[in-house]
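1. Okay, sequence plus prediction incoming.
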Amino acid sequence: MLSRRKLLQRLSSFPLLGGMFGSTIPFVSTQAATAVVKRDLFKELGVRTFINAAGTLTYMTGSLMQEEVLQTIQYAAQEFCLLDELQDKVGERIAKLVHSEAAVVTSGAFSALTLGLAGVLTGTDQKKVEQLPHLEYTGMKSEVIVQKGHDIVYLHSLMNTGCKIVFVETVEDVEKAINERTALMWFLHIQSDKGKIQHEEWVALGKKHNIPTAIDIAADVPPVENLWKFNDMGFSFVAVSGGKAMRGPQSAGILMGKKEIIAAARMHMPPRGFNIGRGMKVNKEEILGMYVALENFIKQDFSKLWKTWEDGVAHIQNTVKPIAGITTEVTVNPLGNHTPSLKIEWDTNKIKMAGKDLQEKLRFGNPSIEIGGSGPSHINLTVWMMKPGQEKVVATRIKEELTKASA
């Protein structure tokens, strides 16, 4: 019989211990021995990158995550945990930060709306959860009331549950539309100036008829107060995007609101698979990354941040203004994407170039620059998604092209 000492001596002579104990050990050994090779995958794949002078647009991949968020994702990726336990703990912390009874990290604001409404329809009844989106003959409610002015492309987030949309314009319309099938009254903050009924009155109408109310504020922070303003106001649930101004993961958002709605919404989320939300998965990396992004966003000095945006816009404005025929205007959208934006317009008798042509020259120049849009003789841009110093590059490039096109 081998002594323990001899056994260890013999084992130490094997080139790879993993040959005896399975695949885990050689995997770890190989990992430790292999240096990580830094690759420029965008370059390898031939994917164009650019300076973002446009804002937090999904088709431009939103925002650049905070450094702390990137570190959190790297940290989270190295451990296992139970998905529900993590959502419980993070949800409790987020709820305190945003003044809601409960909260959960979702795969974006769109899925937060789908899940919130799904929770309203089914409660925590698993049989009902499994029936969505087929509402007919189930006894579940099936209509959502929406103001006509709030009708943009995102209503599919609600119709994914099987509900249909009932459009209204006035308080009287709402009173007539409410019936035994009404599940929810939905409000789109960024379009609130396009509707005849404002936030407080919408919530009051819901309470009067015992109908839950929801608000979509996907792109509507800053101001930071919007994160808790609508919870304080009494909306039943609120949906916000995490990958825009908060600079969390682009594939994350937050659903916050009444405890019973959030609990029911989670019945429609992974790890459960008997629901319409199975494909709306967020894993530990996004959950923790979203939490850290939110914490940092709330803590930051907004007056200082706002000044950097104003300074950046002013630099570009002052660089191009001396060119003959140029006029500029700085505006701030009061409802969504609430940051300073710059419009640069020109007299086409003095500068022979269309806005679209300037946009393309910036796009295909070096470095590539994407702006917010263009018209016959103007372009729009913003600086809040730029890295420090990029406003100088953008200013120089715009001046170069406008000067070349000057008569």
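-> That came in fine, so what should we check first?
2. I'd assumed L255 was in a helix, is it?
-> No. Using DSSP: H, G, I helix; E, B strand; the rest coil, the assignment for L255 is strand, not a helix.
3. Next up, the contacts around it.
-> Contacts for L255 (Cβ atoms under 8 Å, 6 or more residues apart in numbering) come out as 103-104, 106, 112, 115-116, 237-239, 262, 265. From N, CA and C alone the C-beta is placed, and that goes for glycine too.
4. which residues in the stretch 51-200 of the chain form helices?
-> 67-76, 83-98, 109-122, 126-131, 156-159, 171-177, 199-208 (DSSP state H, counting those that start in this stretch).
5. Could you point out which of those sits nearest W309?
-> helix 67-76 (19.0 Å; Cβ to Cβ).
6. Can you tell me which of the helices of the stretch 51-200 of the chain is packed in deepest?
-> Of all the helices of the stretch 51-200 of the chain, helix 109-122 has the most neighbours on average by mean count of other Cβ atoms under 10 Å, namely a mean of 28.
7. May I have the distance across stretch 350-365, first residue to last?
-> 23 Å (Cα to Cα, to the nearest Å).
8. Can you give the contact residues for that stretch?
-> Counting by Cβ under 8 Å, 6+ apart, 50, 323-326, 346, 368-371, 373-379, 397-398, 401-402, 405-407 sit against stretch 350-365.
9. if we go to 6 Å?
-> With contacts defined as Cβ atoms under 6 Å, 6 or more residues apart in numbering, stretch 350-365 is touched by 324-325, 369, 371, 374-375, 377-379, 397, 401-402, 405-407.
10. Can you flag which of these belong to helices?
-> Counting by DSSP state H, the contacts of stretch 350-365 place 397, 401-402 in helices.
11. what would these look like in a markdown table with distance to H189, pLDDT and neighbour count?
-> Listed next are the ones in helices among the contacts of stretch 350-365 as a markdown table, based on distance: Cβ to Cβ, whole Å; pLDDT from 0 to 100; neighbours: other Cβ atoms under 10 Å:
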| residue | distance to H189 | pLDDT | neighbour count |
| --- | --- | --- | --- |
| R397 | 35 | 98 | 21 |
| E401 | 37 | 97 | 19 |
| L402 | 36 | 97 | 23 |
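12. distance of V394 from P376?
-> Note on V394: its distance to P376, by Cβ to Cβ, to the nearest Å, is 21 Å.
13. M267 too?
-> M267 is 52 Å from P376, by Cβ to Cβ.
14. For these two, indicate the residue with more neighbours.
-> Taking neighbours as other Cβ atoms under 10 Å, M267 and P376 compare with M267 leading, 21 against 9.
15. need the contact list for the closest residue to that one other than its chain neighbours.
-> Once flanking residues are discounted, M267 sits nearest to V129: 4.9 Å by Cβ to Cβ, 6 or more residues apart in numbering. Shown here is V129, whose contacts under the criterion Cβ under 6 Å, 6+ apart are 122, 267, 275.
16. next one: V240
-> V240 makes contact with 109, 217, 254, according to Cβ under 6 Å, 6+ apart.
17. The second one - how many residues pack around it?
-> In this case it means I217. 23.
18. and I344, that's in a helix?
-> No. I344 is assigned strand when assessed by three-state DSSP, not a helix.
19. I'd assumed T328 was in contact with it.
-> Yes. Checked against Cβ atoms under 6 Å, the pair I344 and T328 is within contact range at 5.5 Å.
20. ok, the two, which is more surrounded?
-> Counted by other Cβ under 10 Å, I344 and T328 do not tie: I344 has more neighbours, with 24 against 17.
21. ok, the more buried one to I51 distance?
-> For I344 relative to I51 (Cβ to Cβ), the value is 16 Å.
22. ditto for Q131
-> Noted for Q131: a distance of 49 Å to I51, by Cβ to Cβ.
23. can you put the contacts of L255 in JSON lines and add distance to E79?
-> Below are the contacts of L255 laid out as JSON lines (distance: Cβ to Cβ, whole Å):
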{"residue": "A103", "distance to E79": "23"}
{"residue": "V104", "distance to E79": "21"}
{"residue": "T106", "distance to E79": "22"}
{"residue": "A112", "distance to E79": "26"}
{"residue": "L115", "distance to E79": "26"}
{"residue": "G116", "distance to E79": "30"}
{"residue": "F237", "distance to E79": "31"}
{"residue": "V238", "distance to E79": "30"}
{"residue": "A239", "distance to E79": "29"}
{"residue": "I262", "distance to E79": "25"}
{"residue": "A265", "distance to E79": "26"}
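24. I'd like to know how many residues surround W306.
-> Counted with other Cβ under 10 Å, W306 comes out at 17.
25. now the strand or helix carrying it, how far from the chain's geometric center?
-> Secondary-structure element containing W306, defined by DSSP states H and E: helix 302-320. On the basis of Cα atoms, centre = their mean, to the nearest Å, helix 302-320 sits 24 Å off its chain's mean C-alpha point.
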